[in-house]
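> dropping a prediction and its sequence here:
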Amino acid sequence: MAINRQEAKAIVEEAISNALNHISTIKEEKHGDTKVTKYEDIQCPLSRNFTAEIGIQYLEKFMKIWPLKDSWKFCINFLESESEKYRYEVIWSIPTRRKPIPRVTASVYVTILCLSDDEPVSVFYIFEGQHLVHKAGTSEFREVWFRYSTYLKVNT
């Protein structure tokens, strides 16, 4: 049975609408001991006040809202700044008591743009080994992205 063009368009539009509604209505959830809140609950710094240290503080809050199991830990490294761009690497891993230095890690590369003095900064990030650029507040994080990255490192 063939689907005509109008039916296909209606299905796609409904899927997009449902996805956008899901992203915009993320409610507080509880994952272990980590409380997950909405991105909108984090106060985004203004460009005029922005420094590398403020960026680290902001990223700590931003990373903590990602729905990850408590076993995932992260550290943030400031890489560089050039004109209105600040670049960071956030390294995630699962340290254990037996192996406090993990065998593999998953990195997220973050760029914070300070375009206009009176506007909040824009945050973009990309996962190690992937090409898709995410914008904070528009992409819903998936733990499987980290698992994929670490799986590739262990099995290649």
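Yes, it's here. In this text the structure is predicted, and so the values were computed from the model without any measurement. Residues are numbered from 1 along each chain as shown.
> how close does the spatially closest residue to residue 95 that is not a sequence neighbour get to residue 61?
With sequence-adjacent residues excluded and distances taken as Cβ to Cβ, 6 or more residues apart in numbering, residue 95 is closest to residue 102, at 5.3 Å. Just so you know, the C-beta spots here come from the backbone N, C-alpha and C atoms, and that holds for glycine as well. Distance, residue 102 to residue 61, by Cβ to Cβ, to the nearest Å: 24 Å.
> try residue 144
With Cβ to Cβ as the criterion, residue 144 and residue 61 are 23 Å apart.
> those two: who's more crowded?
residue 61 (14 against 9; other Cβ atoms under 10 Å).
> the more buried one: what's it in contact with?
Each residue near residue 61 by Cβ atoms under 8 Å, 6 or more residues apart in numbering is listed here: residue 42.
> how close does it sit to residue 82?
Taken as Cβ to Cβ, the span from residue 61 to residue 82 is 24 Å.
> what do you get for residue 101?
From residue 101 over to residue 82 the distance is 32 Å, taken as Cβ to Cβ.
> what's the answer for residue 120, then?
Residue 120 sits at a distance of 20 Å from residue 82 (criterion: Cβ to Cβ).
> which non-adjacent residue is nearest residue 152?
residue 129 (6.1 Å).
> and residue 120 and residue 82? Which one has more around it.
residue 120 (14 against 7).
> show me the helices in this structure, by range?
Along the chain, counting by DSSP state H, helices occupy 5-24, 52-64, 144-154.
> those helices: lowest mean pLDDT?
If you rank the helices of the chain by mean pLDDT, helix 5-24 sits at the bottom with a mean of 69.
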